[in-house]
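J.: the following comprises the amino acid sequence and a computationally predicted model.
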Amino acid sequence: MVSSDQRRRQLAREKFERQQQRRAERRRRARRRTAVVAAAVAVVVAAGATAFATGLFDGEDKGAADVADAPAPGKKPDPCAKPAPGEPAKLSFPKEPELDVDTSAAYRMKLTTTCGDIELDLDAKNAPRTVNSFKFLADKGYFDHTRCHRLTTRGVYVLQCGDPTAAGTGTPGYKLPDENLKDPRIKGGTYPAGTVAMANKGPGTGGSQFFLVYKDSELAPNYTPFGTVRAGRDVLEKIAGAGESAGTGDGAPNATVVVDRATVTK
């Protein structure tokens, strides 16, 4: 027969064993949660690296337009002025314009934006069809009143513009071939600060979207470099300093960056 003292010790031992089992189960659940979180982080990191390497400038932005009117908490003040009156023309053309730029001449593009003027030297010698297209589109007013819809701030540092839809999907109706991809400046997989290059969604799919590099960025040499920022680096830094609204390092700029007028002159 079991004495009351033995029974108490037995109950205490059973209670202790149950506590140990519960602690062990909590530790197992914690380890599982940690493993799941680690796996999720690894997937996100890998996906981000893939996006930067293969699809960052594919002309089909999957979020910038959606977050443009829904700023993240802690959004920084807008450092830019209100846009000039007017709306993007949203023009479309059946084919690439006839090549008529002078490849021996110097061309300059001026972007009069709500954040300040940005001047670009265009490389007609090494990217003639791209420069020809930009002059054609600028002369038609294609870029006027368009919003620069994308800012990246982690690993790749660019402002993307040239889309009348501001959704990352706009095109002029035709596609441009890649040019100047053997430029020694980008040979090592870095687009240096001040580079102006084409966005695309694969080889030979350039349109009207382009990006301005405000800080050295690691990118495969897949995007036509067709110019350099001559003046306005301070404007780009101001825009970058205001951050992007998605909070992920890739989204719509907090700054209201609108190209009031774009001109290309010889």
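T.: Yep, that arrived.

J.: return the alpha-carbon coordinates of the host helix or strand of Y157 using PDB.
T.: Under the criterion of DSSP states H and E, Y157 resides in strand 156-161. Extracted in PDB, the C-alpha atoms of strand 156-161 (Å, rounded to 0.1, in the frame of the first residue of the first chain):
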ATOM      1  CA  VAL A 156      21.200  49.500 -56.500                       C
ATOM      2  CA  TYR A 157      20.700  53.300 -56.300                       C
ATOM      3  CA  VAL A 158      18.600  54.700 -59.200                       C
ATOM      4  CA  LEU A 159      15.700  56.900 -60.000                       C
ATOM      5  CA  GLN A 160      13.500  55.500 -62.800                       C
ATOM      6  CA  CYS A 161      11.500  57.800 -65.100                       C
END
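
J.: please renumber the chain so that the first residue is 46 from this point on.
T.: Let's use 46 as the start, then, which means that last one is strand 201-206.

J.: pairing partners for the next helix-or-strand element following it, with directions?
T.: Next along the chain after strand 201-206, taking DSSP H and E as the criterion, comes strand 235-236. Strand pairing for strand 235-236, determined by DSSP bridges: strand 262-263 (antiparallel).

J.: residues making contact with the strand it pairs with?
T.: Under the criterion CB atoms under 8 Å, 6 or more residues apart in numbering, residues F97, G200, V201, Y202, V203, G234, T235, Y236 lie in contact with strand 262-263. Just so you know, the C-beta spots here come from the backbone N, C-alpha and C atoms, and that holds for glycine as well.

J.: which stretches in the stretch 146-295 of the chain count as strands?
T.: According to DSSP state E, counting those that start in this stretch, the stretch 146-295 of the chain carries its strands in the segments 152-158, 161-167, 191-192, 195-199, 201-206, 235-236, 240-243, 255-260, 262-263, 270-276, 295-296.

J.: quick one on the thing from earlier: which one of the contacts of strand 262-263 is nearest L156?
T.: L156 has its nearest neighbour among the contacts of strand 262-263 in V203, at 14.5 Å by CB to CB.

J.: which residue is the nearest non-sequential neighbour of that closest one?
T.: Spatially, and ignoring its direct neighbours in sequence, V203 is nearest to F256 (4.1 Å; CB to CB, 6 or more residues apart in numbering).

J.: measure that neighbour to D208 for me?
T.: As judged by CB to CB, to the nearest Å, F256 and D208 stand 11 Å apart.

J.: just L156 next, same as before
T.: Separation of L156 from D208 (CB to CB): 14 Å.

J.: next: V201.
T.: Taking CB to CB, one finds V201 at 18 Å from D208.
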